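>>> Sharing a sequence plus its predicted fold:
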Amino acid sequence: DVTYGIIVNGLVKQGKVADGVRVLVSMEERGHHPNEFVYSALVSGLFNEGNSEGAMKLWQEMMEKGFKPNTVVYSTLIDGLCRIGKPEEAKKVLSEMVSEGCMPNAFTYSSLMRGFFEKGNGEKAILEWKEMEKNGCTPNEICYSVLIHGLCLDGKLKEGLMVWKHMLGRGCKPDVVAYSSIIHGLCNAGFVEGGLRLLNEMLCQGSESQPDTVTYNILFNGLCKHNNISRAIDLLNSMLDRGCDPD
RNA sequence: GAAAAGGUA
């Protein structure tokens, strides 16, 4: 069964999702039962290639067989539904998984929060955050990034900064994506200087928090939009000095 | 020993 999981995942990663589904059929013909690894690989593969109908059909067949999905398989469906703009349906799936005794984790909540933010429903995203905390699920740096990014896109930089401080206060180390998200929020609100200050802070942190090309691009964009081309050139030079490649 | 989530136009 591990063999089938590895093969199906390999096919999916190469964009051969239909072949992955064929493997599922043939393993059943041989009397093997597909497990969580096979199902999550196929569900995410089908959603990623835009075949949400296929994913839902597979899900239905899986449930009809009496298969009990675990947290990863449920989270994969929730993420897929959010990616096609259906966070409300994803929320229903979350309720189902809880009633089946399956606990949502940071993956589950970050997908759902992002789905609500993308629908312009920041209120519901924040409700999910509260739900997560109530359920004793500790947010990781990805959950914080989703929340900060969503708040900043809603023009709520102040709230984003509060969350940022909260993250630091709880000892959660912001990684490069979390830093980039808050820097983006600062730049878009016109506080490019604040963004540059955070960049300097990043340079003093560990390897997980070193700025990358995206971080620099965010700052270049902020500087150029505010007619600060010369500072952008200085920044480009320091970027190159650090051995970071522009794209 | 295999599967799922976040940042730049």
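Cool, got the structure.

>>> For the residue in chain A that RNA strand B sits nearest to, which non-adjacent residue is spatially closest?
Chain A approaches RNA strand B most closely through A:Gly5 (2.2 Å), counting by C-beta to the nearest atom of the strand. Where you see a C-beta, it was placed from the backbone N, CA and C, and this is true even at glycine. Distances taken as C-beta to C-beta, 6 or more residues apart in numbering place A:Phe37 nearest to A:Gly5, at 3.5 Å, with adjacent residues excluded.

>>> how many neighbours does that neighbour have?
18 (other C-beta atoms under 10 Å).

>>> so is the residue of chain A closest to RNA strand B in a helix, a strand, or just coil?
helix (DSSP: H, G, I helix; E, B strand; the rest coil).

>>> isn't it right next to A:Ser40, touching?
No. Counting by C-beta atoms under 8 Å, A:Gly5 does not reach A:Ser40; the two are 9.2 Å apart.

>>> So between those two, which is more surrounded?
The neighbour comparison of A:Gly5 against A:Ser40 (other C-beta under 10 Å) goes to A:Ser40, with 23 against 17.

>>> Let me know the helix or strand that the more buried one is in.
helix A:36-48 (DSSP states H and E).

>>> Isn't A:Leu42 up against A:Val21?
Yes. Between A:Leu42 and A:Val21 there is a contact under C-beta under 8 Å: 6.3 Å.

>>> Just list the residues touching the residue of chain A closest to RNA strand B, thanks.
A:Asn35, A:Phe37, A:Val38, A:Ala41 (C-beta atoms under 8 Å, 6 or more residues apart in numbering).

>>> A:Val98 too?
The contact partners of A:Val98, by C-beta under 8 Å, 6+ apart, come to A:Pro104.

>>> at 6 Å instead, please
Contacts for A:Val98 (C-beta atoms under 6 Å, 6 or more residues apart in numbering) come out as none.

>>> Quick check: it vs A:Phe220, distance?
Separation of A:Val98 from A:Phe220 (C-beta to C-beta, to the nearest Å): 44 Å.

>>> of A:Leu42 and A:Val21, who's got more company?
Higher neighbour count among A:Leu42 and A:Val21: A:Leu42, with 27 against 21, using other C-beta under 10 Å.
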